[in-house]
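J.: Dropping the sequence and predicted coords here.
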Amino acid sequence: MTAITILDGGMGRELERLGAPFKQPEWSALALMEAPETVKAVHQSFINSGSQVITTNSYSLVPFHIGEDVFQQRARELTHLSGKLAREAADEADHKVQVAASVAPLFGSYRADLYQADRVTEIATPIIEELAPFADLWLLETQCLMDESSRVIALIEQIDTAKKPIWVSFTLEDSEQTAEPILRSGETVIDAVKAMQKLGVDAILFNCSQPEIIGEAIELTHNVLGELGANTIQIGAYANAFPPTPKDATANDGLDELREDLTPPAYLTWVQQWQTKGASLIGGCCGIGPEHILAIKEYTQNH
């Protein structure tokens with residue numbers, strides 16, 4: 001089995017737990033606006049639990065969450081702040097920590113139907129430009145449409161000439177059983193993996209989905225990359241702790257209840273399965289906290 005690089009967990013729920021302002025539709029962006037010190041505290045909490053990669057709190061800095069007016073007025077300022085806070089936390093750590101610059105779905109999580117190709121450059125450019133000085137790598141999160149991922153990757157390569165690693169993480173359809181793993185757009189994991197390999201990404205991950213369905217996607221990705229002779233592309237996973245999310249849901253519908261069964265030991269069981277199937281980049285998404293990350297760290301220290 002490959003060694004695990006430990007990612008962080010979900011930012012939003014930890015902000016709420018620390019008492020930061022937290023509501024929809026702004027979600028985790030509200031803490032950047034009103035209590036940025038809590039954002040850094042969450043980063044530090046994950047680092048202290050063992051995270052080797054932390055993700056900038058830039059996920060909700062898109063018009064879908066903060067609105068068109070605030071995006072135009074404050075997107076650059078807030079995105080810069082998210083990068084600065086993550087960089088400070090990483091640089092102050094007692095072990096090596098990398099900063100993953102988060103580029104979120106530009107038009108809402110899970111909602112391929114809201115995609116506007118003609119606005120990708122407009123929305124993504126300020127985010128990429130402001131995160132670039134702080135990033136060790138790029139992480140396109142919760143992607144559900146190959147065209148959006150492809151366009152954002154092209155922008156990153158155009159703007160950030162330092163040629164940093166690019167990781168792309170897809171979210172999977174988990175509200176109903178499917179014949180094979182598919183993205184929430186209906187596109188297949190096989191096609192997504194082939195497309196990302198052609199674009200030269202450094203890692204393919206799966207996030208913000210039920211842990212039960214991620215294992216099959218990892219196994220499929222491992223097999224496809226093997227067939228393509230692309231075994232240098234890393235595979236990763238960071239599941240959420242939500243019940244299955246309906247197809248017509250969006251991230252602005254309200255706060256989802258968390259599954260009580262995904263305790264740190266239970267989550268670790270999935271982590272071990274993912275590692276066995278070929279994943280080496282592992283952390284958690286929404287509802288997965290520092291205690292889950294600590295369990296992964298303790299496991300890696302003993303194996």
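T.: Nice, I can see it. Residues are numbered from 1 along each chain as shown.
J.: can you pull the contacts of T142?
T.: Residues in contact with T142 (C-beta atoms under 8 Å, 6 or more residues apart in numbering) are 59, 104-105, 109-110, 169-171, 207-208, 285. To be clear about C-beta, it is placed using only N, CA and C from the backbone, and glycine gets the same treatment.
J.: repeat that for 6 Å
T.: Counting by C-beta atoms under 6 Å, 6 or more residues apart in numbering, T142 touches 105, 109, 171, 207-208.
J.: From the residues you listed, which land in strands?
T.: Residues of these located in strands (DSSP state E): N207.
J.: just the contacts of T142 now: which is nearest L78?
T.: Nearest to L78 among the contacts of T142 is P105, at 17.4 Å by C-beta to C-beta.
J.: so the nearest residue to the closest one once chain neighbours are set aside, which of the three states?
T.: The shortest distance from P105 to any non-neighbouring residue, by C-beta to C-beta, 6 or more residues apart in numbering, is to T142 (5.4 Å). Of the three states, T142 takes strand under DSSP: H, G, I helix; E, B strand; the rest coil.
J.: how far away is T142 from E291?
T.: Remark: distance between T142 and E291 (C-beta to C-beta, to the nearest Å) = 23 Å.
J.: S60 too?
T.: 24 Å.
J.: okay, those two: which has more neighbours?
T.: S60 (26 against 13; other C-beta atoms under 10 Å).
J.: correct me, but the more buried one touches A31?
T.: No. Look at S60 against A31 with C-beta atoms under 6 Å: they stay out of range, at 9.7 Å.
J.: how about low-confidence regions in the stretch 101-250 of the chain?
T.: By pLDDT under 70, the low-scoring segments of the stretch 101-250 of the chain are 244-250.
J.: can you do 90?
T.: Applying pLDDT under 90 to the stretch 101-250 of the chain flags residues 175-177, 242-250.
J.: Which residue ranges of it form helices?
T.: 120-131, 146-159, 189-199, 211-228 (DSSP state H, counting those that start in this stretch).
J.: who's in contact with stretch 151-168?
T.: With C-beta under 6 Å, 6+ apart as the criterion, stretch 151-168 contacts 103, 120, 124, 128-129, 132, 137-140, 143, 149, 196, 199, 201-204.
J.: Which among those count as buried?
T.: For those, a burial check counting by 16 or more other C-beta atoms under 10 Å picks out 103, 120, 124, 128, 132, 137-140, 143, 149, 196, 201, 203-204.
J.: Looking at those, which is nearest Y299?
T.: For the buried ones among the contacts of stretch 151-168, the nearest to Y299 is A203 (20.8 Å; C-beta to C-beta).
J.: Show me what that closest one is bridged to.
T.: W167, Q234 (DSSP bridges).
J.: Distance of it relative to E216?
T.: Distance from A203 to E216, by C-beta to C-beta: 18 Å.
J.: Next: D118.
T.: The gap separating D118 from E216 is 35 Å, by C-beta to C-beta.
J.: ditto for M11
T.: For M11, the distance to E216 - C-beta to C-beta - is 27 Å.
J.: can you check V99 too?
T.: Taken as C-beta to C-beta, the spacing of V99 relative to E216 amounts to 31 Å.
J.: do the same with H65
T.: H65 is 31 Å from E216, by C-beta to C-beta.
J.: Between these two, which has more neighbouring residues?
T.: H65 (22 against 16).
J.: Wait, a helix at that one?
T.: Yes. Assignment of H65 by three-state DSSP places it within a helix.
J.: Please give me every residue in contact with it.
T.: 25-27, 29.
J.: quick one: which of those has the most company?
T.: Going by other C-beta under 10 Å, A29 tops the contacts of H65 with 27 neighbours.
J.: can you tell me which residues contact the residue nearest to that one when sequence neighbours are not counted?
T.: Leaving aside its sequence neighbours, A29 sits nearest to S60 (C-beta to C-beta, 6+ apart; 4.2 Å). Residues near S60 by C-beta under 6 Å, 6+ apart: 27-29.
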